[in-house]
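Visitor: Whatever this is, show me its structure:
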Amino acid sequence: MIPKNEQAVSPIVGVMLMLVVTIIIAALVSAFSGGAVSGTQKAPQATIQATYSQTTGMTISHGGGDPIPLATTKVIVKPLRSFGEDATRYSWVVNKSYVLNSAGLTWATARAFIPGDTVTISSANLSYVQQRPDMTTDEQDPSFGFTNSNNLGLSFELQFQDSSGKTIGQSTVTISR
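Guide: Numbering: from 1, shown residues only. Predicted structure coming up:
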């Protein structure tokens, strides 16, 4: 009877397994780089800071992140619980025609809000930041809304949303004098 020598089998099996794993990894990398696997498009992300003064107006700053394409972005105002439980069901889209950049151009004509940019809404146009669902503004009814002196210290949320409704950036804003 001839004795069997199987000492070399274990290293050969190990090398074969490593070769198979390497081929699988190479195939995955090739598939991803070749576009075989499609990913969803990521919404831009940005850090937004805002202040709201009843006397001087609203200032919005892009603190960092991706440029925000203005043509497809909505700027939304939502009262927070400080206005009362009922107020949280409301939200308004800011009219971009009243938002001015440092060159005095409106957002209605601008292309993007980029990191480092600051824009303003003058105190005369603050009534267009918040409107009732029936489109009545603070200007038409001074007892309503953010410009009412009884609402000093209350807060609202300013959100930037892309065309699909995903939030790009947001800021909690407290009403000051």
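
Visitor: so where is this protein shaky, pLDDT-wise?
Guide: 1-9, 35-41, 129-144 (pLDDT under 70).

Visitor: quick check: domain ranges of it?
Guide: Using automatic domain parsing, the domains assigned to the chain come out as 8-39, 46-176.

Visitor: Export those domains to CSV and append columns for mean neighbour count.
Guide: All C-beta spots, glycine's among them, are computed from the backbone N, C-alpha and C. As requested, the domains of the chain are exported to CSV (neighbours: other Cβ atoms under 10 Å):
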stretch, mean neighbour count
domain 8-39, 10
domain 46-176, 16
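
Visitor: What are the boundaries of the helices in the chain?
Guide: Along the chain, counting by DSSP state H, helices occupy 9-34.

Visitor: Stretch 28-35: how far from the chain's middle?
Guide: In terms of Cα atoms, centre = their mean, to the nearest Å, the centre of stretch 28-35 is found 30 Å from the chain centre.

Visitor: I should have written stretch 119-129 there, sorry.
Guide: 21 Å.

Visitor: what sits up against it?
Guide: 52-60, 77, 92, 94-95, 98-102, 107, 113, 137-140, 145-147 (Cβ atoms under 8 Å, 6 or more residues apart in numbering).

Visitor: hmm, 7 Å instead?
Guide: For stretch 119-129, contacts defined as Cβ atoms under 7 Å, 6 or more residues apart in numbering pick out 54-60, 77, 94-95, 98-101, 107, 137-139, 146-147.

Visitor: Ok, stretch 50-57 next?
Guide: With Cβ under 7 Å, 6+ apart as the criterion, stretch 50-57 contacts 58-60, 120-123, 126, 146-147, 158, 171, 173, 175-177.

Visitor: Strands of the protein, residue ranges please.
Guide: All strands of the chain, identified by DSSP state E, fall at 46-53, 57-65, 68-69, 74-79, 92-93, 112-113, 118-121, 155-161, 167-176.

Visitor: for the fourth one, packing partners?
Guide: Here strand 74-79 touches strand 92-93, strand 155-161, going by 3 or more Cβ pairs under 7 Å, 6 or more residues apart in numbering; DSSP states H and E.
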